[in-house]
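S.K.: here you go, sequence then predicted model.
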Amino acid sequence: MSVYFCAYRQHDIHHDGQATYALFKLGAILVPINPSFNATQVVSALSHLEASHLIISAEANLPRKDPRSNLPLLKNLADDLSQPKLQSAVVPSLKNIITVDNSAGRVDLSAYKSLTPFSSVMSQLTADGHPLPPQDLSPHDIVNIQFTSGTTAMPKAACLSHRSILNNGAQIGDRMLLTPNDIVCCPPPLFHCFGCILGYMATATHGSAIVFPTESFNARATLKAVQEEQCTALYGVPTMFLEELGLIGEGEVADEGFQHLRTGIAAGSSIPAELMKKLHRVLNLTELTICYGMTETSPVSAMTTTDDPLDKRINSVGRLMPHVEAKIVSPTDKSQILPVETRGELAVSGYLLMKEYWDDSAKTVEVMIPDETGKVWMHTGDEASMSPDGYISITGRIKDLIIRGGENIHPLEIENCLLAHEGIADVSIVGVPDVRYGEVVAAFVIARDHGSNAVRSEEIQQWVREKLSSHLVPKYVFFLGPSEPFPKTASGKIQKFKLKEMAVKRLMEQ
């Protein structure tokens with residue numbers, strides 16, 4: 001089966017939807033690629049997958065950046081774009097490049113005969129008028145390869161099936177109580193499971209409308225879309241919601257027109273309690289749900305309901321989805337199942353597991369581990385605990401734990417504490433090397449005020465000392481300016497490994 005590599009840039013959602021559903025029906029494998037990938041990463045991905053077709057826009061658009069022409073990337077892929085037949089020495093499997101013009105005339109691709117305009121493909125299909133014959137597809141076929149988000153390392157290619165993504169999307173919509181009357185605003189990107197499955201699959205299975213505000217995330221455009229389209233649901237990761245709330249809090253966007261909102265999804269990383277409370281109060285998201293999952297599990301394995309008690313929606317990621325099992329195991333002995341209300345590594349099993357990492361059996365066996373009965377479990381790398389009534393609480397990534405003098409410190413606990421400080425707009429906690437303790441706490445802070453009233457390091461440290469305890473007080477506080485945002489993946493997750501690198505560099509410069 002051919003692998004189809006689709007580099008969607010979200011400009012023309014009509015094109016995206018046509019291609020996505022057509023590829024699924026055809027039985028080809030859809031591989032959405034992160035638009036922030038550079039030429040080397042794109043070549044590596046295409047070569048790894050032996051991709052045969054590429055669908056790409058004339059320009060790439062990333063949050064808070066000017067449009068970037070994709071022509072240099074295309075010239076890097078093809079030997080000579082002026083030739084009628086596409087040839088690629090760097091990706092020999094590549095047979096066709098289909099282009100979508102989203103450049104408003106800024107990029108002229110008309111002279112490059114190796115490229116096939118998307119419009120010509122559609123014209124040919126309309127002229128032929130023949131329905132697609134049966135493709136003899138299996139629900140268990142790989143239909144979607146999603147690259148993991150890369151918050152800690154280079155992304156891996158997770159192979160998902162028809163059965164896993166369709167059923168996961170349907171169950172997500174069920175938990176949100178979606179109906180054909182709902183209008184879902186979906187700013188997360190389509191190259192990520194959030195847009196592709198929580199967006200497309202959850203709404204399509206329930207007949208709900210879906211609104212894509214902009215080509216790449218823009219907080220102002222998202223709020224405007226909610227107001228103008230009278231959206232009933234809003235999706236986002238914490239950093240997106242924080243930016244939206246900031247615009248409303250600063251009066252740049254009117255705090256009206258959100259009365260139709262009732263539900264939505266907050267996912268992507270742990271949701272701080274203070275953020276959850278503000279979303280309820282400011283955006284009327286009283287039935288906001290929390291999703292937890294990972295690319296390798298199609299992606300959602302646990303989720304709150306619209307009527308879960310507030311404390312459950314603040315302090316947990318809900319209960320398991322239907323037909324999903326979970327266990328908490330020792331991070332050092334994965335065969336040891338830990339008792340209820342004990343922190344350990346979360347492992348899940350069920351229909352939603354990926355089939356494998358594409359052409360990478362070594363990494364696959366590292367995370368997909370059979371138990372003594374032969375049942376395969378996905379070991380998530382997330383630290384979690386489970387309550388007696390089945391609610392799962394995520395306390396952070398195992399790799400993000402800060403071990404200070406032999407004592408485990410959970411970044412989320414300190415982040416929650418600091419987000420309650422009125423002078424702090426956003427914060428991320430990481431561990432940095434220390435001669436005495438091995439690791440100590442460092443806080444990266446974006447202050448609300450950058451002038452004379454800006455919050456100071458000593459004030460931040462005292463706040464934690466009073467609210468929590470002395471060993472959780474950040475030894476170092478690093479401030480990021482208005483033009484220096486957190487390093488993030490294109491799906492909005494903070495890349496803590498880059499913050500650690502920044503901290504070490506700053507300390508060496510002192």
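M.R.: Structure received.

S.K.: buried residues in stretch 77-84?
M.R.: Neighbour-count burial for stretch 77-84 flags 77-78, 81 (criterion: 16 or more other Cβ atoms under 10 Å). The way it works is simple: take the backbone N, C-alpha and C, and place the C-beta from them, glycine included.

S.K.: report how many residues lie close to A273.
M.R.: A273: 19 surrounding residues under other Cβ atoms under 10 Å.

S.K.: so who does it touch?
M.R.: 314-315, 416 (Cβ atoms under 8 Å, 6 or more residues apart in numbering).

S.K.: now, which of those sits nearest I394?
M.R.: Using Cβ to Cβ, N315 comes nearest to I394 of the contacts of A273, at 10.1 Å.

S.K.: what pLDDT does that closest one get?
M.R.: pLDDT for N315: 85.

S.K.: so it touches I394, yeah?
M.R.: No: the pair N315 and I394 does not pass the contact test of Cβ atoms under 8 Å, sitting 10.1 Å apart.

S.K.: which residue sits closest to A89, ignoring its sequence neighbours?
M.R.: Excluding the flanking residues, the one nearest A89 by Cβ to Cβ, 6 or more residues apart in numbering is D79, at 5.7 Å.

S.K.: ok, now which ones touch the one you found?
M.R.: Contacts of D79 by Cβ under 8 Å, 6+ apart are 87-89.

S.K.: could you list the low-pLDDT ranges of the chain?
M.R.: Along the chain, the model assigns pLDDT under 70 to residues 1-15, 126-129, 149-154, 269-270, 490-491.

S.K.: what domains does the record give for it?
M.R.: The chain breaks down by automatic domain parsing into domains covering 3-137, 157-396, 407-509.

S.K.: the longest one: how far from the chain's middle?
M.R.: Think domain 157-396. Offset of domain 157-396 from its chain centre (Cα atoms, centre = their mean, to the nearest Å): 9 Å.

S.K.: next: the last one.
M.R.: Here domain 407-509 is found 22 Å from its chain centre; the criterion is Cα atoms, centre = their mean.

S.K.: isn't there a strand covering A425?
M.R.: Yes: A425 sits within a strand when classified using DSSP: H, G, I helix; E, B strand; the rest coil.

S.K.: ok, the closest residue to V300 other than its chain neighbours to P117 distance?
M.R.: Leaving aside its sequence neighbours, V300 sits nearest to G293 (Cβ to Cβ, 6+ apart; 4.0 Å). Distance, G293 to P117, by Cβ to Cβ, to the nearest Å: 37 Å.

S.K.: got it, and G195?
M.R.: Distance from G195 to P117, by Cβ to Cβ: 25 Å.

S.K.: ok, back up a step: between N315 and I394, which is the more surrounded one?
M.R.: Higher neighbour count among N315 and I394: I394, with 20 against 16, using other Cβ under 10 Å.

S.K.: report the beta-bridge partner residues of V430.
M.R.: On the basis of DSSP bridges, V430 is bridged to A442.

S.K.: what's the burial count for it?
M.R.: Around V430 there are 25 other residues, counting by other Cβ under 10 Å.

S.K.: and what of D311?
M.R.: A count of nearby residues for D311, using other Cβ under 10 Å, gives 10.

S.K.: which helix or which strand is home to it?
M.R.: When elements are assigned from DSSP states H and E, D311 belongs to helix 310-315.

S.K.: tell me which other helices or strands that helix touches.
M.R.: helix 273-282, strand 287-293 (3 or more Cβ pairs under 8 Å, 6 or more residues apart in numbering; DSSP states H and E).

S.K.: which of these is buried the deepest?
M.R.: Per residue and on average, the most neighbours among those fall to strand 287-293, with a mean of 25 (mean count of other Cβ atoms under 10 Å).

S.K.: quick one: strands adjacent to that one?
M.R.: Strand 287-293 pairs in its sheet with strand 263-266 (parallel), strand 300-303 (antiparallel), by DSSP bridges.

S.K.: contacts for the first one?
M.R.: The reference is to strand 263-266. Identification of contacts with strand 263-266 by Cβ under 8 Å, 6+ apart yields 172, 176-177, 182, 184-185, 194, 198, 232-238, 241, 275-276, 279, 285, 287-291, 306.

S.K.: again with stretch 382-395
M.R.: 270, 292, 294, 302, 312, 315-320, 326, 328, 331, 340-346, 396-398, 401, 410, 412-413.

S.K.: for the domains of the chain, give me TSV that also has distance to V143.
M.R.: Converted to TSV, the domains of the chain look like this (distance: least, Cβ to Cβ, whole Å):
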stretch	distance to V143
domain 3-137	6
domain 157-396	5
domain 407-509	20
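
S.K.: right, so those: which one is the most enclosed?
M.R.: Among these, domain 157-396 has the highest mean neighbour count (mean count of other Cβ under 10 Å), at a mean of 20.

S.K.: which one is V317 nearest to, not counting chain neighbours?
M.R.: The nearest residue in space to V317 (Cβ to Cβ, 6+ apart) is Y292, at 3.5 Å.

S.K.: an error on my part: the question was meant for L177.
M.R.: L177 sits nearest to T306 (Cβ to Cβ, 6+ apart), 5.5 Å away.

S.K.: quick one: the one you found from G173, how far?
M.R.: The value you get for T306 to G173, if Cβ to Cβ is used, is 12 Å.

S.K.: one step back: and the helix or strand following the helix holding D311, what does it pack against?
M.R.: Where DSSP H and E defines the elements, the next helix or strand beyond helix 310-315 is strand 319-320. If you count contacts as 3+ Cβ pairs under 8 Å, 6+ apart, strand 319-320 packs onto strand 300-303.

S.K.: restricting to C-alpha, output the strand it packs on in PDB.
M.R.: C-alpha atoms of strand 300-303 as PDB (Å, rounded to 0.1, in the frame of the first residue of the first chain):
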ATOM      1  CA  VAL A 300      -7.600   9.600  24.200                       C
ATOM      2  CA  SER A 301      -7.600   6.900  26.900                       C
ATOM      3  CA  ALA A 302      -9.300   8.900  29.800                       C
ATOM      4  CA  MET A 303     -11.700  11.800  29.800                       C
END
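
S.K.: what secondary structure does the residue nearest to A89 sit in?
M.R.: coil.

S.K.: try H450
M.R.: Per three-state DSSP, the secondary structure class of H450 is coil.

S.K.: show me where the stretch 201-350 of the chain has helices.
M.R.: For the stretch 201-350 of the chain, helices defined by DSSP state H, counting those that start in this stretch occupy the ranges 202-204, 219-229, 238-249, 273-282, 310-315.

S.K.: could you measure from the residue nearest to V300 over to L507?
M.R.: As judged by Cβ to Cβ, G293 and L507 stand 35 Å apart.

S.K.: what do you get for G257?
M.R.: Here G257 is placed at a distance of 46 Å from L507 (Cβ to Cβ).
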